[in-house]
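Novice: no letters, just coordinates:
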């Protein structure tokens with residue numbers, strides 16, 4: 001299973017939550033961790049099966 005954690009955080013609380021979630025999941029399965037970005041979208045598209 002692969003996953004991505006995409007978040008936006010003004011105060012840092014959501015970032016801390018995202019980091020905690022990532023620490024509890026397999027590190028090598030993470031496609032992206034961070035804010036909304038073209039690289040996040042590209043990582044997710046690459047992981048999806050073709051239609």
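Specialist: Received, thanks. Quantities reported herein were computed from a predicted structural model and do not represent experimental measurements.
Novice: for the rest of this, base every contact and every neighbour count on C-alpha atoms.
Specialist: Noted.
Novice: break down the protein into its strands, ranges please.
Specialist: Across the chain, reading from the start of the chain, the strands by DSSP state E fall at 3-6, 30-34.
Novice: what is the longest one packed up against?
Specialist: Secondary-structure packing of strand 30-34 (3 or more Cα pairs under 8 Å, 6 or more residues apart in numbering; DSSP states H and E): strand 3-6, helix 38-47.
Novice: dump the strands of the chain into CSV; add mean neighbour count, mean pLDDT and distance to residue 48 as well.
Specialist: Written out in CSV, the entries for the strands of the chain read as follows (neighbours: other Cα atoms under 10 Å; pLDDT from 0 to 100; distance: least, Cα to Cα, whole Å):
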stretch, mean neighbour count, mean pLDDT, distance to residue 48
strand 3-6, 17, 92, 11
strand 30-34, 17, 91, 12
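Novice: how many degrees apart are the longest helix belonging to the chain and strand 30-34 in direction?
Specialist: For the chain, the longest helix by residue count, based on DSSP state H, is helix 13-24. Using axes from the mean of the first three to the mean of the last three Cα atoms, to 10 degrees, the interaxial angle of helix 13-24 with respect to strand 30-34 works out to 160 degrees.
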